[in-house]
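>>> Here is my input, please return the structure:
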Amino acid sequence: MDLSTKIAGIELENPVMPASGPLVGDDEKILYIARLGVGAVVTKTISTRAAQVPRPCIGATQTYAMNAELWSELPPEKWIEHILPRLKEELKVPLVVSVGYTKEDMEELIPKLDEFASAFEVSTHYVGKDLKVIEEIVKTIRERTEKPIFMKLSPHIPDPVEFAKVARDAGANGIVAINSLGPTMKIDPKKRQIVFGGKDGFVWVSGPAIKPLALAMVYKISHEVPDMDVIGVGGIKTADDVIEFLLAGAKAVQLLSSALIHGKDIYKRIVDSLPKALEKYGFSSVSEVIETELSFEVSYSPNHPKVDLSKCTFCKICEWVCPYWAIFVKPEEKTVTVLEDKCFGCGLCQTRCPVNAISGVMPIEGRWM
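Sure, this is the predicted structure:
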């Protein structure tokens, strides 16, 4: 199975890489992640000074992670004099150097980092909403390197497509979408206090919970700005997720929060399982997935649920969640009744059935994930 892909002219053996964050915060960590079989690695964001990161700074559930992380807590000199030279010597896959933030930061950093980078990823977290500022940052980087530039989409950017167009016109090669969402907050009602965060008590959310938004942004940018390569990020935890992002228009993917939730070996698990996932969906290569166009048709007429009683456990979840009071389950009689005159054809019952006993409403095969 051919897992190879290409981003801005850079050949990758597979489309999986870590996202910028604590797991790629120095040479030891980066080399560890690289040994798990990823197609490329990304550094933690390097800026002109070391970050003062509040502690605690990371928490997680099964569906999302929250963080008060900043850029690298190491000074740029540590990266330039020790970490990056070692990676240049020992790393066997492309290295994407993440940098931040301002035009002035780029003037200082890019000349010192250029020899180590296969490409640059540029964080826009702290540079505001003005796209003229984004344009100036990209132009400043382009004047100082011939390496590919990927601009990372942060949640404060009001128009992702216009952001991508401005970045392209200024000399960028691609977009990384999306970054963590926020600001968000975690409160302990018993102690009457904010649990953790930066100086304002805010944190950022990432992980599986943000995947639907990430997919939509990847799709929107890749289809409206097709001459920009998109790297998809946000909620990836399985090989199936990788395929979804590639179908949405990404050329490669990044993940980090799922490694914080489920363990660092998730990179190896995803890469190892990708061939079988591709085969399951009838693909012969990653490039075939990328070249596939998605279909979609809007309908305004209802389709009513069909219940397979041989699968149904009569748990009543569909009845409890139905917003139209249109489905009723009688466990003692082992019957499920759909009142089609009340059923709106919304699809909720099919997506909430834990045993895949309901079909006919949503155009999906298997369980809703």
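>>> domains for the chain, by residue range?
Using automatic domain parsing, the domain parsing of the chain gives 5-291, 306-359.
>>> Point me to the helix or strand that includes the spatially most distant residue from the centre of the chain.
Here the chain reaches farthest from its C-alpha mean at Glu333, the gap being 45.6 Å by C-alpha atoms, centre = their mean. Assigned by DSSP states H and E, Glu333 belongs to no helix or strand.
>>> Next one, pLDDT for it please.
The model reports Glu333 with a pLDDT of 97.
>>> Next, work out how far apart it and Ile80 are.
Here the criterion is C-beta to C-beta, to the nearest Å. By it, Glu333 lies 73 Å from Ile80. Every residue, glycine included, has its C-beta placed from N, CA and C.
>>> Now do the same contact list for the spatially closest residue to Lys186 that is not a sequence neighbour.
Nearest non-adjacent residue to Lys186, counting by C-beta to C-beta, 6 or more residues apart in numbering: Val195, 4.2 Å away. Listed by C-beta atoms under 8 Å, 6 or more residues apart in numbering, the contact partners of Val195 are Gly59, Lys186, Ile187, Asp188.
>>> Filter those residues down to the buried ones and express that as a ChimeraX selection.
With 16 or more other C-beta atoms under 10 Å as the criterion, this ChimeraX line picks the buried residues out of the contacts of Val195:
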select :186
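>>> got the contacts of Val195 as JSON lines, with secondary structure and pLDDT columns?
Compiled in JSON lines, those are given as follows (DSSP: H, G, I helix; E, B strand; the rest coil; pLDDT from 0 to 100):
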{"residue": "Gly59", "secondary structure": "strand", "pLDDT": "98"}
{"residue": "Lys186", "secondary structure": "coil", "pLDDT": "97"}
{"residue": "Ile187", "secondary structure": "strand", "pLDDT": "97"}
{"residue": "Asp188", "secondary structure": "strand", "pLDDT": "97"}
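>>> Quick check: the farthest pair among the contacts of Val195?
Greatest spatial distance in the contacts of Val195: Gly59 and Ile187, 12.3 Å, computed using C-beta to C-beta.
>>> Redo the contacts of Val195 as a markdown table? Include distance to Glu108.
Shown next, in a markdown table, are the contacts of Val195 (distance: C-beta to C-beta, whole Å):
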| residue | distance to Glu108 |
| --- | --- |
| Gly59 | 34 |
| Lys186 | 35 |
| Ile187 | 39 |
| Asp188 | 41 |
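>>> which one of the contacts of Val195 sits closest to Asp227?
Using C-beta to C-beta, the contacts of Val195 come closest to Asp227 at Gly59, 39.3 Å.
>>> Spit out the contact partners of the closest one.
Applying C-beta under 8 Å, 6+ apart, we find Gly59 in contact with Ala65, Met66, Asn67, Lys186, Val195, Phe196, Val203.
>>> List only those of those flagged as buried.
Looking at those with 16+ other C-beta under 10 Å, the buried ones turn out to be Ala65, Met66, Asn67, Lys186, Phe196, Val203.
>>> Kindly indicate which of these lies nearest Glu28.
Asn67 (20.7 Å).
>>> beta partners of that closest one?
Here Asn67 sits in beta bridges with Ile58, Trp204, going by DSSP bridges.
>>> Just the CA trace of stretch 123-137, in PDB.
Written as PDB, here are the backbone C-alpha positions of stretch 123-137 (Å, rounded to 0.1, in the frame of the first residue of the first chain):
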ATOM      1  CA  SER A 123       1.700  30.400  14.400                       C
ATOM      2  CA  THR A 124      -0.700  33.400  14.300                       C
ATOM      3  CA  HIS A 125      -2.000  33.100  17.900                       C
ATOM      4  CA  TYR A 126      -0.900  36.500  19.100                       C
ATOM      5  CA  VAL A 127      -0.800  38.700  16.100                       C
ATOM      6  CA  GLY A 128      -4.400  39.900  15.900                       C
ATOM      7  CA  LYS A 129      -7.100  39.800  13.200                       C
ATOM      8  CA  ASP A 130      -5.700  42.300  10.800                       C
ATOM      9  CA  LEU A 131      -4.900  40.400   7.600                       C
ATOM     10  CA  LYS A 132      -2.400  43.200   6.600                       C
ATOM     11  CA  VAL A 133      -0.300  42.100   9.600                       C
ATOM     12  CA  ILE A 134      -0.500  38.500   8.400                       C
ATOM     13  CA  GLU A 135       0.500  39.600   4.900                       C
ATOM     14  CA  GLU A 136       3.600  41.500   6.300                       C
ATOM     15  CA  ILE A 137       4.600  38.500   8.400                       C
END
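>>> chain center to that stretch: distance?
Centre-to-centre, stretch 123-137 and its host chain are 21 Å apart (C-alpha atoms, centre = their mean, to the nearest Å).
>>> That stretch: which residues count as buried?
Ser123, Thr124, His125, Val127, Leu131, Ile134, Glu135, Glu136, Ile137.
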